[in-house]
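Student: Only the shape, not the letters, is given here:
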């Protein structure tokens, strides 16, 4: 922008330049009064041409430049005027060169102060500098053409020495240069404006990108915070579930212990009942032995009675002998009946006791059934709890895989951030290199411009004006640079915020890792407690198995006792059948005896007097027979009841046998279910071992990821250190560039002095040509 402003001021300068050159030419015009009018015409034409150049188009300017160049050989100046003009120019050029050197020394500190700001503006001037490189050769060629015209001027003016007055050829050159420079600089101004608009658009796009990046970073942060909160809530829920499961397992253990205690008490009760049954069996055996002894005593008594009857039979006739025989039979029957009555009573008592025992056995069987159902329910609850634990383990595996995927995503984001930071660093280094090259190019351009300024002393005033304009432009550019610096600071702050966010994310990752490790420790504790609970349950199951085996043994013993009882009952039933047969035989014999008695009564009526004593005895015997008949009736009723009770006993025994078979089947089913449960427990143990191995693998993976993350953090720290060192090197290079600019300005000043000396040396050549002209003029005259 500064170069365009200077060009615009350069367009306005050619009008003021001729005024400085007319002053030294006035005394020359006075010396040649004949050519005064022509000189005035020439200067009028040049001034009018300058005015026309300012108002005309670019085609007119080119035509006027060519006309001015073609008119220059027609101006023939006198030698004296040329000498005076050269002297005046020398006298004017020296103070102007000194002023230019002073101005350069004044400009140096200003340039030194602006050098840092020019480093920022290099990107804007790069396009303009390329166009200047294209345009400057043309300007340089025009300047060389003007210089050649100046050198050819005295040689062409030799044949016409005194016809025309002295002229100023620099006016036409300056007008031409202004015309060419105005068109070129106008185009450059338009291109610079376009580039400025493009730069502003790129700055706005960078701002929008920064805003988008900040929004994306904020959204990422919010998403990550929400994910962390969800993870914490899930972990809390899992901890609560584990606590509830622990409580349920403890309750199950307490219930299992209580059931074991109840089973032990029931076993003790059953053992006591078995002992009582054994005692009762011993009592019954003792009672049976006593009954056998009582039978023997009764038999001995019956034998004594039989002996008494034998004595009576000796007194009685053959009939009495037969009656005695019958009486013996009746006595034997009575004894057998009495023994059978005693046996019946003992059997009835045994039946009652067996009924009680059966009721107790039924109650115990029902209790065992209830216990088996409770054990089944407990086993189903345990299997359901084991299934829930397996599902939880699967859920934990899924959570581990999700956490690993999240960690991979974070690592990828970190690598992307690192690659973007490296790219930015590379771009910054490339921009710095480009800016350094632009600085060197600008320094070369400044040196060339200073050389041009030393050659063109007449443009010093224009440069002063341009300097003021440049100061204004530089102030504007300083403001724009400050804005860019503020934007860079904002971008750096945004980068620092992103770095802080990444550090926060890393801390949060560490916190999640610690929480994950705590959860792992809790899981390990819960697993150990679960294993202990399993061991306790297995011990309880072993105890239950032992108790069930003891119960099965006791049931086998009870079965044997029942079989013995059944055999005894079968023997008793056979005895009762034999008794019933004997009773039928006795009934038949009694009928025959009744018949014989009737016949004997008839015979006894005839022999009443003989058998009076026998009749009395027979009456006694009749009474006894009536009693016996009544006793027989009672016995028959008792026998009927006994048969009914025996039938009921048989039915009960059959039911008991069926129930025993059912219990055996149930015990077999229970044993099969126990084996299935043991297999399921073994499979679950294998699954738990596999889950533990998977958890250990996951822990190893997490440790590897942690180590890789630490390595990545170390690499990021190294990259940050490298970036910091690169920034320091960039600042150092900037300082070196600024120092080089100050050191390079010294040889530029020396070049200015050399060019000033060369400018001071040019009149010497002119003087020599002037002396040659005088000699030629004297020789011709």
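Tutor: Arrived safely. Just so it is clear, the model here is predicted, and its values are computed rather than measured.

Student: Break down the stretch 401-550 of the chain into its strands, ranges please.
Tutor: With DSSP state E, counting those that start in this stretch as the criterion, the stretch 401-550 of the chain has no strands.

Student: actually the stretch 201-350 of the chain, sorry about that
Tutor: Under DSSP E, counting those that start in this stretch, the stretch 201-350 of the chain gives no strands.

Student: Any regions of it where pLDDT drops low?
Tutor: For the stretch 201-350 of the chain, the stretches with pLDDT under 70 are 308-317, 319-320, 322-324, 326, 344.

Student: host element of residue 726?
Tutor: Using DSSP states H and E, residue 726 maps to helix 612-780.

Student: Please look at residue 365 and residue 663 and confirm they touch.
Tutor: Yes. Using Cβ atoms under 8 Å as the test, residue 365 is close enough to residue 663 to be in contact (6.3 Å). Quick note: C-beta positions are derived from backbone N, CA and C, even for glycine.

Student: still on that earlier bit, what helices or strands is the helix holding residue 726 leaning on?
Tutor: Judged by 3 or more Cβ pairs under 8 Å, 6 or more residues apart in numbering; DSSP states H and E, helix 612-780 is in contact with helix 79-156, helix 318-455, helix 460-606.

Student: Could you tell me the angle between that helix and helix 318-455?
Tutor: Orientation check (axes from the mean of the first three to the mean of the last three Cα atoms, to 10 degrees): helix 612-780 against helix 318-455 gives 10 degrees.

Student: returning to what we had before: lowest-confidence stretch among the helices and strands packed on helix 612-780?
Tutor: Mean pLDDT per stretch puts helix 79-156 lowest among those, at a mean of 46.

Student: give me the number of residues near residue 357?
Tutor: Neighbour count for residue 357, taken as other Cβ atoms under 10 Å: 20.

Student: likewise residue 677?
Tutor: Counted with other Cβ under 10 Å, the neighbours of residue 677 add up to 16.

Student: any idea how far the residue nearest to it when sequence neighbours are not counted lies from residue 393?
Tutor: Spatial nearest neighbour of residue 677, excluding adjacent residues (Cβ to Cβ, 6 or more residues apart in numbering): residue 379 at 5.7 Å. The gap separating residue 379 from residue 393 is 21 Å, by Cβ to Cβ, to the nearest Å.

Student: And residue 724, by the same measure?
Tutor: Distance from residue 724 to residue 393, by Cβ to Cβ: 48 Å.

Student: the more surrounded of these two?
Tutor: Neighbour count, other Cβ under 10 Å: between residue 724 and residue 393, residue 393 has more, with 19 against 10.

Student: Next, count neighbours for the nearest residue to the more buried one once chain neighbours are set aside.
Tutor: In space, and not counting its chain neighbours, residue 393 is closest to residue 691: 4.5 Å by Cβ to Cβ, 6+ apart. For residue 691, the neighbour count with other Cβ under 10 Å is 19.

Student: oh, and call the first residue 509 from now on, that's how I've got it
Tutor: Fine by me, first position is 509 from now on; the one you just mentioned is residue 1199.

Student: correct me, but residue 1199 touches residue 903?
Tutor: No. The criterion here is Cβ under 8 Å, and residue 1199 misses it with residue 903 at 11.3 Å.

Student: what touches both of those two?
Tutor: Counting by Cβ atoms under 8 Å, 6 or more residues apart in numbering, residue 1199 and residue 903 have no contacts in common.

Student: Hmm, residue 810 and residue 839 touching each other?
Tutor: Yes. Using Cβ under 8 Å, residue 839 is in contact with residue 810, at 5.0 Å.

Student: The residue nearest to residue 1185 and residue 848: what is the separation?
Tutor: For residue 887 relative to residue 848 (Cβ to Cβ), the value is 55 Å.

Student: Neighbour count for those two, which is higher?
Tutor: Comparing residue 887 with residue 848 by other Cβ under 10 Å, the one with more neighbours is residue 848, at 22 against 18.

Student: Which residue comes closest to the more buried one once chain neighbours are left out?
Tutor: That would be residue 1087: by Cβ to Cβ, 6+ apart, it lies 5.6 Å from residue 848.

Student: Verify the stated contact: the one you found with residue 844.
Tutor: Yes. Here residue 1087 reaches residue 844: they are 6.9 Å apart, a contact under Cβ under 8 Å.

Student: contacts for stretch 886-901?
Tutor: Under the contact criterion Cβ under 8 Å, 6+ apart, stretch 886-901 has outside partners 746, 749, 753, 756-757, 760, 763-764, 767, 1038, 1045, 1181, 1185, 1188, 1192, 1195-1196, 1199.

Student: Any chance of a PyMOL selection covering the buried ones in those residues?
Tutor: Selecting only the buried entries of these in PyMOL, with 16 or more other Cβ atoms under 10 Å as the criterion:
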select buried, resi 746+753+757+760+764+767+1038+1045+1185+1192+1196+1199
